[in-house]
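In: Everything below, folded, please.
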Amino acid sequence: MNEDDVFVIGTAGHVDHGKSSLVNLLSGIDPDRWQEEKDRGMTIDLGFAWFTLPSGNEVSVIDVPGHEKFVNHMLAGVGGIDLALMIIAADESIMPQTLEHFNILNLLGVSKSIIVITKIDLVDDEWLKLVEMELKDYISGTNWEDSPIISLSNHTKAGLQELISTIDRSLNYIDAPKNIGFPKIYVDRSFSVKGFGTVITGTLINGSVRVGDDLEVMPQGIKTKIRGIQAHQTNHEKIDPGTRVALNLSGIEKNEISRGDLLVKPDILSNTFVIDASFDLLEEYPNEIKHNLNVTFHVGSREFYAKLRLLEKDLPLAGNECFVQFKFENPQPILKGDRYVIRTNMNTIGGGIVLDVDSKRHKRGDKGLIDKLKSLKSGSISQKIINLLDEHHIMTLNELLKDLEIHSEELIPIIVTLKNESKLIQIGDSFENSDFISHEYWFKKITDIETHITSFHDRFPLRRGMVAQNLKIDLTIEEKIFTHLIGFGNQQNIFSEVAGHISKSGFYPRLNSQQVDFVKIMKERMTLDPFNFEHVKEFDNEILNFLCLENILVKIDAEFLVTKEFFENTITIVSNYIKKNESISVAEFRDLFNTSRKFALLILEYLDSTQITKRVEDVRVLR
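Out: Numbers count the residues shown, from 1 in each chain. A predicted model of the protein is given here:
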């Protein structure tokens, strides 16, 4: 932990076990903000406080309600905490909400904790030892097995200094919150301040924000700007992740933003209806998990309805991780890597990690899918990069950082290794401005293009190549990747692009000997009898298009062909005539070439279209 690092602590535990009193004792701030909470003697909603440790570091504290009716509020508060204080009253020991909060914190990945036994002034030493033994037995074999256990009295303050010192030491072993440049804040409170407007609070994670930054409120898609930032009642120009913040927002009314909304950078996140996820079923859940079970889905401070779909043939068993899909009633702002908890009928069922978003509906029992999800869950970062590129085909550095939730300093060396191992292609000079594509996908598409073009040349040997857009559509290649592939193919002399047509490198359309003889005969006929609509009918379309493309023949219109020599001679004759007579009419052209008015008009209109002549009233003049 660095001196400037800020961490967030969250309380947890059964109702009336002294959570709020302990927060007040640590910070001097009463987290029970509402009169109803004071009247009832319990926390109903989230409370917030902060204090400074002996090391000089500041700590934000989130006090969560302990009553079973308010577990949804508890879930809204613990999503971004670094250290949990599990509060257990000595006179009651482990209670139902103790267990539920313990399970929720484990599901959300909160692995660092301090267990605090409160109200020790109400029990004797022998009873206290029994409570400590029960707690040690309960956490044995769990992520919290090595958690320190501190006994104290909120009334006499006995044990308080030991707790503060333990918090300070524990935070030294916690990594500073990641700053990967993608700030997000789940809103846990929103209100309006006279003279300032809309204010929200939440825990900032994954990136920094500063005054003047633009943000987007999801799922609504409302754009807003940060007018002011406060942390611990102090104004800031910039704030780093891992901090409890209050943001004064402009361009948005209080009723347009509420608890559960997500603030992110504009245009980086889309809402989704369907996700794939890992799932851990709690042993305490009494019922069998059924396919298409209706649940309440909790992520960050957000909760909404979802349908749970089983992806494996076997039913989930407590203690065995499995994989599931969730379909939401309404589109939701979910990110890969988000941790979630699901509940139904006031019971916490389980939770896990979001592995994929915008998922398709899967066939149950698909081994390939399960293997992929296992890799996404527990594979190395290298494997996750390959999986992401297999799915998206092309990604930027920022897109990889967002999906992997790691810093660029960690990601770039892994990318270099993957390049050296021929597992990844980098298109671009700098990492920040490059596109990344899996090596396997890249060369498969190069081969696909070669094969497709070779087949095209075999079928249409007189065409220059395949229209680029048609090739892209046939092979279902994204525009961005296709552009890179064609550029690479040109550079490596694998294939070439000319006038929007792709051909194999070195390919050029040529007539075979039989076709050469046929064209020679036809040109002789056309030279002897140039004004004849029957000539065009003699040609196969492929040969005709080739001859016109090669400028051997000139197609005056769909039914009228002339040779290149005849057309060039016509231009010379017409040009000389106009220079001598200033213009030429249809009748004059007809007489000059001893043809019909119809042929005369067709050729003159073609000369107009090729910018040789232009029509002025009833005559043509040179351009």
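In: Every contact and neighbour count from this point should use C-alpha atoms.
Out: Will do.
In: So which residues of the stretch 251-400 of the chain form helices?
Out: 367-378, 381-392, 397-404 (DSSP state H, counting those that start in this stretch).
In: Would you format these as JSON lines with mean pLDDT and mean neighbour count included?
Out: Formatted as JSON lines, those follow (pLDDT from 0 to 100; neighbours: other C-alpha atoms under 10 Å):
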{"stretch": "helix 367-378", "mean pLDDT": "88", "mean neighbour count": "16"}
{"stretch": "helix 381-392", "mean pLDDT": "88", "mean neighbour count": "18"}
{"stretch": "helix 397-404", "mean pLDDT": "86", "mean neighbour count": "18"}
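In: after the worst-scoring helix or strand of the chain on mean pLDDT, next one along is what?
Out: One helix or strand of the chain scores below all others by mean pLDDT, DSSP states H and E: helix 35-40, with a mean of 36. Next along the chain after helix 35-40, taking DSSP states H and E as the criterion, comes strand 47-52.
In: following that following strand, which helix or strand comes up?
Out: Trace forward from strand 47-52 with DSSP H and E and the next one is strand 58-63.
In: Partner strands of that following strand, with direction?
Out: Partner strands for strand 58-63, per DSSP bridges, with pairing direction: strand 7-13 (parallel), strand 47-52 (antiparallel).
In: Could I get the average pLDDT for the longest one?
Out: Right, the one you point to is strand 7-13. For strand 7-13, mean pLDDT is 84.
In: what's the following helix or strand past it in contact with?
Out: Proceeding N to C from strand 7-13, the next assigned helix or strand is helix 19-27, under DSSP H and E. Here helix 19-27 makes contact (C-alpha atoms under 8 Å, 6 or more residues apart in numbering) with 11-13, 29-32, 43, 49-51, 61, 63, 87, 154, 160, 164.
In: what about helix 19-27, average pLDDT?
Out: 84.
In: and the residue nearest to Thr344 when sequence neighbours are not counted, how far is that from Ala90?
Out: Of all residues not flanking Thr344 in the chain, Val295 sits nearest, at 5.2 Å (C-alpha to C-alpha, 6 or more residues apart in numbering). Distance, Val295 to Ala90, using C-alpha to C-alpha, to the nearest Å: 35 Å.
In: who's more crowded, the two?
Out: Ala90 (26 against 20; other C-alpha atoms under 10 Å).
In: what residues are up against that one?
Out: When contacts are counted by C-alpha under 8 Å, 6+ apart, Ala90 touches Ile117, Thr118, Lys119, Ile120, Leu122, Val123, Trp127, Leu128, Val131.
In: okay if I get the residues you listed as a markdown table plus secondary structure?
Out: Converted to a markdown table, the contacts of Ala90 look like this (DSSP: H, G, I helix; E, B strand; the rest coil):
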| residue | secondary structure |
| --- | --- |
| Ile117 | strand |
| Thr118 | strand |
| Lys119 | coil |
| Ile120 | helix |
| Leu122 | helix |
| Val123 | coil |
| Trp127 | helix |
| Leu128 | helix |
| Val131 | helix |
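In: quick check, nearest of these to Gly195?
Out: Nearest to Gly195, judged by C-alpha to C-alpha, of the contacts of Ala90 is Thr118 at 42.5 Å.
In: Just to check, the closest one is in contact with His155?
Out: No - applying C-alpha atoms under 8 Å, one finds Thr118 not in contact with His155, separated by 9.4 Å.
In: can you give me the helices for the stretch 401-550 of the chain?
Out: Counting by DSSP H, counting those that start in this stretch, the helices of the stretch 401-550 of the chain are 408-420, 439-459, 468-474, 479-491, 513-528, 541-549.
In: Make TSV out of those and add distance to Arg364.
Out: Formatted as TSV, the helices of the stretch 401-550 of the chain follow (distance: least, C-alpha to C-alpha, whole Å):
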stretch	distance to Arg364
helix 408-420	33
helix 439-459	27
helix 468-474	31
helix 479-491	32
helix 513-528	59
helix 541-549	51
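In: Can you lay out these as JSON lines showing mean pLDDT and distance to Gly352?
Out: Shown next, in JSON lines, are the helices of the stretch 401-550 of the chain (pLDDT from 0 to 100; distance: least, C-alpha to C-alpha, whole Å):
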{"stretch": "helix 408-420", "mean pLDDT": "91", "distance to Gly352": "24"}
{"stretch": "helix 439-459", "mean pLDDT": "94", "distance to Gly352": "31"}
{"stretch": "helix 468-474", "mean pLDDT": "94", "distance to Gly352": "39"}
{"stretch": "helix 479-491", "mean pLDDT": "92", "distance to Gly352": "34"}
{"stretch": "helix 513-528", "mean pLDDT": "86", "distance to Gly352": "69"}
{"stretch": "helix 541-549", "mean pLDDT": "85", "distance to Gly352": "61"}
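In: ok, back up a step: and the helices of the stretch 251-400 of the chain: which comes nearest Ser583?
Out: helix 381-392 (63.3 Å).
In: the domain parsing of this structure - what is it?
Out: Taking automatic domain parsing as the domain assignment, the record places the domains of the chain at 7-172, 184-264, 272-373, 379-509, 513-622.
In: State the distance from the residue nearest to Thr344 to Leu108.
Out: Using C-alpha to C-alpha, Val295 is found at 17 Å from Leu108.
In: Same question for Ile252.
Out: Ile252 is 31 Å from Leu108, by C-alpha to C-alpha.
In: Name the residue in the two with the higher neighbour count.
Out: Taking neighbours as other C-alpha under 10 Å, Ile252 and Leu108 compare with Leu108 leading, 22 against 16.
In: Just list the residues touching the residue nearest to Asp188 when sequence neighbours are not counted, thanks.
Out: The shortest distance from Asp188 to any non-neighbouring residue, by C-alpha to C-alpha, 6+ apart, is to Arg259 (4.5 Å). Remark: with contacts taken as C-alpha under 8 Å, 6+ apart, Arg259 is in contact with Tyr186, Val187, Asp188, Arg189, Ser190, Ser301, Arg302.
In: Report the separation between the third one and Leu249.
Out: Using C-alpha to C-alpha, one obtains 15 Å as the distance from Asp188 to Leu249.
In: Look at the two and report which has more neighbours.
Out: Ranked by neighbour count (other C-alpha under 10 Å), Asp188 and Leu249 place Leu249 first, with 25 against 22.
In: which residues pair with that one across the strands?
Out: Beta-bridge partners, per DSSP bridges, of Leu249: Thr198, Ile226.
In: do the same with Ile584
Out: Listed beta-bridge partners, Ile584: Arg620 (assigned using DSSP bridges).
In: In contact with it, which residues?
Out: If you count contacts by C-alpha under 8 Å, 6+ apart, then Ile584 has Val574, Tyr577, Ile578, Val619, Arg620, Val621 around it.
In: got the contact list for the first one?
Out: Put plainly, it is Val574. Ile584, Phe589 are the contacts of Val574 under C-alpha under 8 Å, 6+ apart.
In: in the host helix or strand of it, what counts as buried?
Out: Using DSSP H and E, Val574 maps to helix 564-581. For helix 564-581, the neighbour count (16 or more other C-alpha atoms under 10 Å) marks Lys564, Phe567, Ile571, Val574, Ser575, Tyr577, Ile578 as buried.
In: again, but for stretch 152-160
Out: Neighbour count says stretch 152-160 has Leu152, Ser153, Asn154, Ala158, Gly159, Leu160 buried, by 16+ other C-alpha under 10 Å.
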